[in-house]
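Trainee: Model the following, please.
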Amino acid sequence: MTLRFSVLASGSTGNAFYIETEQQKMLVDAGLSGKKIDELFQSIQVDPKQLDGILVTHEHSDHIKGLGIIARKYQLPIYANEKTWHAMDQSIGKIPLDQKFTFDLESVRSFGDLEVESFGVSHDAAEPMFYTFRHDGKKVALVTDLGYVSERIKKTVEDADAYIFEANHDVGMLRMGPYPWSVKRRILGDSGHVSNEDCGLALTDIISNRTKRIYLAHLSMDNNMKDLAQMSVKQVLDERGIQVDLHHTDPRLATPLYEVG
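Mentor: Below is the predicted model of the structure:
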């Protein structure tokens, strides 16, 4: 039984994640133009006409920029919690009522043979939430856009076969960088973004022997570098004797479809 996914795009300029089973094809977030999302699907040889729905994490534009366009173009149901629906209503254009669905925070929904669990994160949005996906004994966790990784989140996402996990910034680069202090404070705060080192530390608490692959996600273009993120996280894991396959993501290029096995 197959569970496959691709990080279509990840970063402050736009985020989209695709996951599929034999029965279901789901998109999480659509934070790029409709044209770009179509191109990304084409690059992994998936037809977006076959999508079954879109899950939304929160209302920031780098997660919903193309949401209305893609949903209308392919007549897709959208799933989000009520506060997120309210917060993004003005930004995504008119969505037909029969395409609007509520997916509550801290709940589980089944989409055919794919079980999806939502969990809350600490981020400066209305009610941000991310997801774990289960199919045929396999588990994938999508965890970005959070200021810190709480014990509750660790419990929800632990023991997954694969992670897409935020490694947003190098603290030194951020502190020395060009951003205004107000923005730096936001990123470093409890409702901002997870640093490379904090990513590594959180992963040491949640990964298990079954964890085969980790994708480092939502890397800042100004305050991080792919090699630095991988090196920093690997160093933390190495210190604890943890060996795992680390990959980075890109704001413009989709990762190849990966089959969880």
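
Trainee: and the top helix by length along the chain, what does it pack onto?
Mentor: Counting by DSSP state H, the longest helix found in the chain is helix 226-239. Under the contact criterion of 3 or more CB pairs under 8 Å, 6 or more residues apart in numbering; DSSP states H and E, helix 226-239 touches helix 196-206, strand 213-217, strand 245-248. Yep, even glycine has a C-beta here, placed from its N, CA and C like the rest.

Trainee: could you give me the average pLDDT of the first one?
Mentor: Averaging pLDDT along helix 196-206 yields 98.

Trainee: Reformat the helices and strands packed on helix 226-239 into a markdown table and put mean neighbour count next to each item.
Mentor: A markdown table is the format used below for the helices and strands packed on helix 226-239 (neighbours: other CB atoms under 10 Å):
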| stretch | mean neighbour count |
| --- | --- |
| helix 196-206 | 21 |
| strand 213-217 | 24 |
| strand 245-248 | 16 |
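
Trainee: Would you reformat these as CSV and include distance to residue 99?
Mentor: Formatted as CSV, these follow (distance: least, CB to CB, whole Å):
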stretch, distance to residue 99
helix 196-206, 34
strand 213-217, 27
strand 245-248, 33
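
Trainee: For residue 80, which of these is the nearest?
Mentor: For those, the distance to residue 80 is smallest for strand 213-217, at 19.9 Å, taking CB to CB.

Trainee: How about residues contacting the closest one?
Mentor: With contacts defined as CB atoms under 8 Å, 6 or more residues apart in numbering, strand 213-217 is touched by 7, 10, 144, 161-167, 196, 199, 203, 207, 226, 229-230, 233, 244-249, 255, 258.

Trainee: Quick check: ChimeraX command selecting the buried ones in those residues.
Mentor: Selection of buried members from the contacts of strand 213-217 for ChimeraX, criterion 16 or more other CB atoms under 10 Å:
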select :7,10,144,161,162,163,164,165,166,167,196,199,203,207,229,230,233,246,247,248,249,255,258
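
Trainee: ok, how many other residues are close to residue 107?
Mentor: Using other CB atoms under 10 Å, residue 107 is surrounded by 13 other residues.

Trainee: so who does it touch?
Mentor: Going by CB under 8 Å, 6+ apart, the list of residues near residue 107 reads 117, 118.

Trainee: Now the residue nearest to the spatial centre of the chain. Nearest residue, chain neighbours left out?
Mentor: For the chain, the residue nearest the mean C-alpha position is residue 142 (4.6 Å; CA atoms, centre = their mean). In space, and not counting its chain neighbours, residue 142 is closest to residue 164: 4.8 Å by CB to CB, 6 or more residues apart in numbering.
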